[in-house]
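Trainee: Sequence plus predicted model, see below.
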Amino acid sequence: MAAKLIKGAEVAAQIREELKKEVEELKAKHNLVPGLVTILVGQDPGSISYVTAKQKTSHELGFYSIQDNQEPDITEAALLALLDKYNKDPKIHGILVQLPLPKHIDSNKVLYGINPDKDVDAFHPVNVGRILIGNYAFLPCTPAGCQELIYRAYGDPKGKEVVVVGRSNIVGKPMVAIMLQKRVGANATVTCVHTGTPKDKMIEHCRRADILIVAAGVPNYIQADWVKEGVCVIDVGVNRIGMTESGKAKLAGDVDFAAVSEKASFITPVPGGVGPMTITMLMKNTVMAAKMAAGLVKL
Ligand code: GUN
C-alpha cells in the first residue's frame, strides 16, 4: 500500500482561514482583538525562526501582537516581573515564552509564572491538570495539531489502538492525555512507549498500532517492519541532518518515511506534516483565551 500524505500545511491553511473569519467577527461584534506576546530570551537561531513565524501568523490573522526580545543575561526575577506585566495587561490574552531558556533560568519557575488563563502553550501545571481531568480550554499546540490531522485525514480514533512513542512534557505525555479523553476525536486505547521500554517490546507495541504517533527525537527511528499494514503514522520528529545545497537545514522525521509509507495508509511528511499545524494551534488557543477573557466562553 502506498500511503496517502497528510498535508499539514493544507489543513493548517484551512484552519487559519476559519480563525481569520472568527477574529473579524470578534472585532465587529465584541470589539475584541486577540492579543499575543511572544517572549524570546537570547538569540538562538532556531528559536528566532519559530517566534518570527508565530508573529507573522498572528499579524496575518489580525491579532494585536508583540514580539518581546530579551537579552540572554536577563535575570530570572526580571523575566518573572515581565510576565507579571503581561499577566496584568488586558490587551494581552496569550503569553508564550519560547523554550529553551538559558541555563541560569529555571524554566519551570517561568512557566509557573504565566497566568494559566493566558498560557496558550498549555504547559502550566494547572493546564496540564485540566487536560488530564478533561476540563480544559487549551491543548498543547503540537499534540493538538496531531489530533486534528488524525481526525481530519484518518477519521475518529475512537476504539483504535494508539501507540505514542516518546513521553516528553511537550508532546508524548499530553498526546496520551488527549487521546484518552472521552470525546469525539479521541476515546482511543492508548499505549506510551519510551526510552525505558526494551527494544523488543517497543517493536511489539508499535506493530499493534492502528495509529502510531512518533516523537522520539531520533532520525529515521521507526522501521517498516515495526508497523502493521494500513497504519496511520504521525511523525512529530524534526531532526536536522545536514544542509541542503541552498544552505537550508535538511530535515528528517523520526520515521523511515520511504519504507514505512509503503505499508501505511496515511503518513505525515517531514517537513510539511505536523510542523505547520503547531503555530496554527497556538493561534486557535489565543483566540480561545481572548474569548474566555471576554466571558464569551467558560471552562
Ligand atoms: N520550543 C519548542 N517547542 C516549543 C513550544 O511549543 N512552545 C514554546 N514556548 N517553546 C517551544
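Mentor: Nice, thanks for sending it over.
Trainee: Can you get me a residue count around the residue in the stretch 51-200 of the chain positioned nearest to the ligand?
Mentor: With Cβ to the nearest ligand atom, the shortest gap between the stretch 51-200 of the chain and the ligand falls at residue 99, namely 3.6 Å. C-betas here are computed from N, CA, C, even on glycine. Using other Cβ atoms under 10 Å, residue 99 is surrounded by 15 other residues.
Trainee: pretty sure it contacts residue 107?
Mentor: Yes. The criterion here is Cβ atoms under 8 Å, and residue 99 meets it with residue 107 at 6.3 Å.
Trainee: buried set for the lengthiest helix in the chain?
Mentor: The longest helix of the chain (DSSP state H) is helix 8-30. The neighbour-count check on helix 8-30 (16 or more other Cβ atoms under 10 Å) flags 8, 11, 12, 15, 16, 19, 22, 23, 26 as buried.
Trainee: got it, and stretch 146-161?
Mentor: Buried residues in stretch 146-161, defined by neighbour count with 16+ other Cβ under 10 Å: 146, 147, 148, 149, 150, 153, 154, 157, 160, 161.
Trainee: Strands of the protein, start to end?
Mentor: 4-5, 35-41, 64-70, 94-97, 161-165, 189-193, 211-214, 232-235, 239-243, 249-252, 266-267 (DSSP state E).
Trainee: Ok, which of those comes nearest residue 201?
Mentor: Taking Cβ to Cβ, strand 189-193 is the member of the strands of the chain nearest to residue 201, at 7.2 Å.
Trainee: elements contacting that closest one?
Mentor: strand 161-165, helix 172-180, helix 199-208 (3 or more Cβ pairs under 8 Å, 6 or more residues apart in numbering; DSSP states H and E).
Trainee: What lies in contact with it?
Mentor: Strand 189-193 has contacts (Cβ atoms under 8 Å, 6 or more residues apart in numbering) with 159-167, 172-173, 176, 179-180, 201-202, 205-206, 208-209.
Trainee: one more time with 6 Å
Mentor: Around strand 189-193, the neighbours that count as contacts under Cβ atoms under 6 Å, 6 or more residues apart in numbering are 161, 162, 163, 164, 165, 167, 176, 179, 180, 202, 205.
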